[in-house]
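K.L.:
Only the shape, not the letters, is given here:
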């Protein structure tokens with residue numbers, strides 16, 4: 001049977017169209033000849049995740065994002081649909097976490113598997129989480145410091161204004177004169193003391209005679225008690241006479257002066273005035289100390305452990321930062337813990353995600369949920385626990401607390417020596 005040229009042309013167009021559609025789909029990562037399963041994930045935000053983004057497990061791509069749509073209930077949540085090879089099984093209670101896949105900020109989905117035997121079926125919904133990025137981690141450390149710094153700057157500005165008013169040229173001259181007078185007074189007191197000491201040394205005999213005379217005078221008073229009583233009565237009569245004089249204005253002036261002095265002291269002891277803030281604000285020192293500690297911790301940690309904040313696929317810094325300590329206990333209220341993971345959505349501490357790990361604690365800050373485990377004053381014990389935890393959470397880290405507050409690990413270890 002001979003085919004016409006139009007039939008051949010039609011067959012050629014159909015075959016070409018089919019190859020074009022298959023090639024376009026293959027370039028997008030969809031192999032129409034390969035069987036895939038679709039799954040759904042619900043996120044509060046996707047942080048740059050786009051269609052065709054990778055879905056990985058232990059760094060190996062197992063699928064890709066097919067579509068991203070808003071939830072139909074108008075809640076603002078996003079439903080991400082991804083496809084994976086039908087032969088790949090996802091256990092129940094696994095977590096699909098959005099992470100940064102390269103230095104340019106490209107986002108992908110990282111599957112964190114649970115130990116469940118049962119698996120999700122096609123089109124099931126998998127719990128989602130969002131990895132805390134560098135911006136959120138810096139904001140978590142810097143925001144309290146920023147607030148304290150603003151308060152500190154306001155207080156310093158007020159203090160400078162007060163000092164500028166006080167230490168003008170006239171005030172400085174008066175202070176210099178006052179200090180000179182004080183120095184002269186001290187010198188006079190020293191000279192007087194020296195003179196008194198010389199007099200006492202040279203006149204010991206005279207002083208003894210004076211004491212003897214005082215004893216004789218006392219004896220005379222005892223022998224003339226009646227005369228003394230008469231004298232006292234005369235003094236009482238004289239005081240009655242003085243009582244008739246008006247001293248109310250004097251007492252009123254003394255009372256007014258006392259009230260004014262009390263008002264000044266109250267202002268100095270309160271925090272309503274600038275001088276009171278300068279004298280009573282102990283937080284000035286604490287704020288500056290915390291600011292220095294937190295900034296030092298953040299800078300040191302970023303320089304020493306850049307992989308904690310960025311995952312590099314094309315670069316390698318070639319160094320790691322290690323701290324070695326074998327301190328077996330301390331008495332400085334320092335506690336070491338293991339940080340497991342941080343997520344935007346809350347994960348129950350009894351979830352299958354933490355199966356096999358006891359004593360998981362939840363720490364909430366800046367809208368992010370962090371999960372910690374362990375609490376030991378011995379660094380060697382927490383290292384042993386961290387080695388066990390890394391088998392399930394390879395990105396876990398050791399953190400340190402002093403009196404319930406986060407401090408940098410290097411400072412904690414140095415303080416134990």
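P.N.:
Alright, I've got the coordinates. In this text, all values refer to a predicted model and were calculated from it rather than measured experimentally.

K.L.:
so where do the helices sit in this structure?
P.N.:
All helices of the chain, identified by DSSP state H, fall at 5-27, 134-166, 169-202, 204-223, 225-243, 248-269, 274-280, 283-304, 379-389, 409-415.

K.L.:
right, and these - which one's nearest residue 363?
P.N.:
Distance to residue 363, taken as Cβ to Cβ, is lowest for helix 134-166 among those, at 10.7 Å. For every residue, glycine as well, the C-beta is placed using N, CA and C.

K.L.:
per-residue confidence averaged over that closest one?
P.N.:
Averaging pLDDT along helix 134-166 gives 75.

K.L.:
that older thread, okay if I get the helices of the chain as CSV plus mean neighbour count and distance to residue 87?
P.N.:
Shown next, in CSV, are those (neighbours: other Cβ atoms under 10 Å; distance: least, Cβ to Cβ, whole Å):
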stretch, mean neighbour count, distance to residue 87
helix 5-27, 10, 19
helix 134-166, 13, 36
helix 169-202, 10, 87
helix 204-223, 10, 114
helix 225-243, 10, 114
helix 248-269, 10, 77
helix 274-280, 15, 70
helix 283-304, 14, 41
helix 379-389, 17, 31
helix 409-415, 17, 43
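
K.L.:
want to throw these into JSON lines with distance to residue 39?
P.N.:
Below are the helices of the chain laid out as JSON lines (distance: least, Cβ to Cβ, whole Å):
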{"stretch": "helix 5-27", "distance to residue 39": "19"}
{"stretch": "helix 134-166", "distance to residue 39": "27"}
{"stretch": "helix 169-202", "distance to residue 39": "77"}
{"stretch": "helix 204-223", "distance to residue 39": "106"}
{"stretch": "helix 225-243", "distance to residue 39": "102"}
{"stretch": "helix 248-269", "distance to residue 39": "66"}
{"stretch": "helix 274-280", "distance to residue 39": "59"}
{"stretch": "helix 283-304", "distance to residue 39": "36"}
{"stretch": "helix 379-389", "distance to residue 39": "28"}
{"stretch": "helix 409-415", "distance to residue 39": "39"}
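
K.L.:
And those: which comes nearest residue 343?
P.N.:
Sorting the helices of the chain by Cβ to Cβ, the top spot, which is the nearest, belongs to helix 134-166 at 11.5 Å.

K.L.:
re earlier: nearest to residue 60, out of the helices of the chain?
P.N.:
With Cβ to Cβ, the closest approach to residue 60 among those belongs to helix 5-27: 19.4 Å.

K.L.:
how deep is the closest residue to residue 393 other than its chain neighbours tucked in, by neighbour count?
P.N.:
Beyond its immediate neighbours in the sequence, the residue positioned closest to residue 393 (Cβ to Cβ, 6 or more residues apart in numbering) is residue 340, lying 5.0 Å away. The criterion is other Cβ atoms under 10 Å. On that basis, residue 340 has 23 neighbouring residues.
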